[in-house]
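> heads up, no residue letters with this:
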Ligand SMILES: [Zn+2]
């Protein structure tokens with residue numbers, strides 16, 4: 001699912017209770033979490049949530065839904081943020097203390113938002129405490145849990161299976177100068193496909209994404225992240241229809257699962273071809 005639909009569902013109060021926001025950089029993940037929080041708690045009528053996005057003066061909730069900073073005056077009592085407290089993990093004690101707030105009512109807004117800033121550092125016991133809360137909500141108060149991580153593969157499977165995963169774009173720390181030329185060639189192949197619907201262009205798109213280095217190690221995530229980033233960069237180069245954008249983002253998201261399939265002995269070229277054909281062939285223009 002793409003980010004705009006997620007914000008829309010949050011505004012309507014219909015978003016899945018637990019959402020994983022992954023990809024892109026740390027700052028972007030935090031901003032994405034805040035936008036969902038604002039959409040979820042904004043005082044304006046549904047079509048105008050969150051106010052800032054619709055060019056309105058921020059309401060008294062949206063104005064204070066900001067990332068907590070030391071010495072910061074603005075804060076919203078119904079936004080709870082858990083940051084990593086130990087050097088390598090988010091401790092069980094801190095997680096339990098954080099979650100215990102969900103057993104009381106919101107202070108001012110109609111619901112509460114819980115953000116776990118580095119959800120990939122939650123260990124088994126901390127994750128269990130969160131899962132218990134998701135499975136047996138203590139009250140009917142609307143609650144939104146947002147789990148932030150660079151890669152969803154780093155989250156425990158139990159959390160992933162009970163959350164909606166939303167990909168925010170290419171990961172930080174990837175060499176953009178390597179991505180750029182691949183995106184250029186990819187754009188040419190896909191332009192040709194959208195022109196004449198010939199499957200050969202999809203196979204060359206798979207070839208082009210396979211040009212990144214590092215496929216030898218089946219556990220390597222980097223080449224998959226680079227390929228996903230090239231797709232996202234391609235989206236920035238072309239203005240496509242929403243249906244096409246969605247399919248390409250879904251494809252990028254699927255690519256990040258690559259290492260899991262490589263570990264089962266499937267080659268990267270088969271995976272790339274299979275996924276590209278699956279996501280993109282339905283977008284072929286009808287040749288009448
Ligand atoms: Zn608002």
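All right, it came through fine. Since the model is a prediction, treat every value here as computed from it, not as a measurement.

> Show me which residues of the lengthiest helix in the chain are buried.
Counting residues, the longest helix in the chain under DSSP state H turns out to be helix 176-196. Under the neighbour-count criterion of 16 or more other C-beta atoms under 10 Å, helix 176-196 has 179, 182, 183, 185, 186, 187, 189, 190, 192, 193, 194 buried. Heads up, the C-betas are built off the backbone N, CA and C, glycines and all.

> Okay, the fourth one and residue 210: tell me how far apart.
Taking C-beta to C-beta, to the nearest Å as the criterion, residue 185 is separated from residue 210 by 12 Å.

> Also the last one?
Distance of residue 194 to residue 210, given as C-beta to C-beta: 21 Å.

> where does the stretch 151-288 of the chain have low pLDDT?
Scanning the stretch 151-288 of the chain for pLDDT under 70 picks out 170-174, 287-288.

> Closest residue of it to the ion?
residue 166 (21.1 Å; C-beta to the ion).

> if I pick that residue, what's in contact with it?
1, 2, 3, 6, 19, 20, 21, 22, 32 (C-beta atoms under 8 Å, 6 or more residues apart in numbering).

> which one of those residues is nearest residue 112?
residue 19 (14.3 Å; C-beta to C-beta).

> Nearest spatial neighbour of the closest one, chain-adjacent residues omitted?
In space, residue 19 comes closest to residue 164 once its chain neighbours are excluded; the distance is 5.0 Å by C-beta to C-beta, 6 or more residues apart in numbering.

> in the protein, which spans are strands?
18-22, 79-82, 112-116, 143-149, 164-167 (DSSP state E).

> Okay, angle between the first one and strand 112-116 too, please.
For strand 18-22 against strand 112-116, the angle between stretch directions is 40 degrees (axes from the mean of the first three to the mean of the last three C-alpha atoms, to 10 degrees).

> And the average pLDDT for strand 18-22 is what?
Mean pLDDT, computed over strand 18-22, is 95.

> Which other helices and strands does it contact?
helix 26-41, strand 143-149, helix 157-161, strand 164-167 (3 or more C-beta pairs under 8 Å, 6 or more residues apart in numbering; DSSP states H and E).

> Point out the most buried one among those.
Of the helices and strands packed on strand 18-22, the one with the most neighbours on average (mean count of other C-beta atoms under 10 Å) is strand 143-149, at a mean of 24.

> per-residue confidence averaged over it?
Here the average pLDDT along strand 143-149 is 96.

> I'd like to know which elements the longest helix of the chain is packed against.
By 3+ C-beta pairs under 8 Å, 6+ apart, helix 176-196 packs against helix 200-209, helix 222-237.

> So which residues make contact with the last one?
Right, the one you point to is helix 222-237. The contact list for helix 222-237, computed with C-beta under 8 Å, 6+ apart, reads 23, 151, 167, 169-171, 174-176, 178-180, 182-184, 186-187, 190, 209-210, 212-215, 245, 248-249, 251-253, 255-259, 268, 272.

> and residue 207, what is it in contact with?
Residues in contact with residue 207, defined by C-beta under 8 Å, 6+ apart, are residue 269.

> rerun that using 10 Å as the cut-off
185, 186, 189, 269, 272, 273, 276 (C-beta atoms under 10 Å, 6 or more residues apart in numbering).

> How about residue 264?
Counting by C-beta under 10 Å, 6+ apart, residue 264 makes contact with residue 218.

> Likewise for residue 22?
So residue 22 contacts 29, 32, 119-120, 147-155, 160, 165-169, 171, 253, 256 (C-beta under 10 Å, 6+ apart).

> Please report how far residue 145 lies from the ion.
20 Å (C-beta to the ion, to the nearest Å).

> same question, residue 67
17 Å.

> Could you verify my assumption that that residue touches residue 115?
Yes: Residue 67 lies in contact with residue 115 (C-beta atoms under 10 Å); the separation is 8.7 Å.

> shared neighbours, these two?
Joint contacts of residue 67 and residue 115 (C-beta under 10 Å, 6+ apart) are 30, 33, 34, 79, 81, 83.

> Which member of these is positioned nearest the ion?
For these, the nearest to the ion is residue 34 (11.7 Å; C-beta to the ion).
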